[in-house]
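**Student:** Take a look and give me a structure for this.
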Amino acid sequence: MGKCRITVIRKLACVDLKEEYFDREITGDGTCGYFNVGDEFIYSTGDDVPKNFCAWAWSDINRDVEAIANGANFDWIKQPGTNITCCTDGLEPVVFKIERIE
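**Tutor:** Residues are numbered from 1 along each chain as shown. From the prediction side, this is the model:
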């Protein structure tokens, strides 16, 4: 079974877009309130969504997670067994680092 670590490496604030389109009050710094930079999750092939992981973000990144866990390398990424990906929330995207682990 393949295994990988998913780490939150960046949260982006699209405050201008939120001001124009968001139908709620903008709180905090305008970034996703679900994750914190540095959060880590471990995934093994065949597992369900990692505990306490946003289901929407999982839907966006699970293809990349499965690929890395099962041995894929992306030739545009310097480190084999690693990928950088993000959720597709256009107002508060979160960037993840996926690393294959033993």
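
**Student:** show me where this structure has helices.
**Tutor:** 15-21, 55-69 (DSSP state H).

**Student:** Confidence-wise, which helix or strand of the protein is lowest on average?
**Tutor:** In the chain, the helix or strand scored least confidently by mean pLDDT, DSSP states H and E is helix 15-21, which has a mean of 89.

**Student:** What about the nearest residue to Glu92 once chain neighbours are set aside? Give its phi and psi, please.
**Tutor:** In space, and not counting its chain neighbours, Glu92 is closest to Cys32: 4.2 Å by Cβ to Cβ, 6 or more residues apart in numbering. In this view, the C-beta of every residue, glycine as well, is placed from N, C-alpha and C. When read as degrees, to the nearest 10, the backbone of Cys32 gives phi -60, psi 130.

**Student:** Next, the contact list for Cys32, please.
**Tutor:** Lys11, Cys54, Cys87, Asp89, Glu92, Pro93, Val94 (Cβ atoms under 8 Å, 6 or more residues apart in numbering).

**Student:** My understanding was that Ala55 contacts Asn62; is that so?
**Tutor:** No: assessed by Cβ atoms under 8 Å, Ala55 is found out of contact with Asn62, at 10.2 Å.
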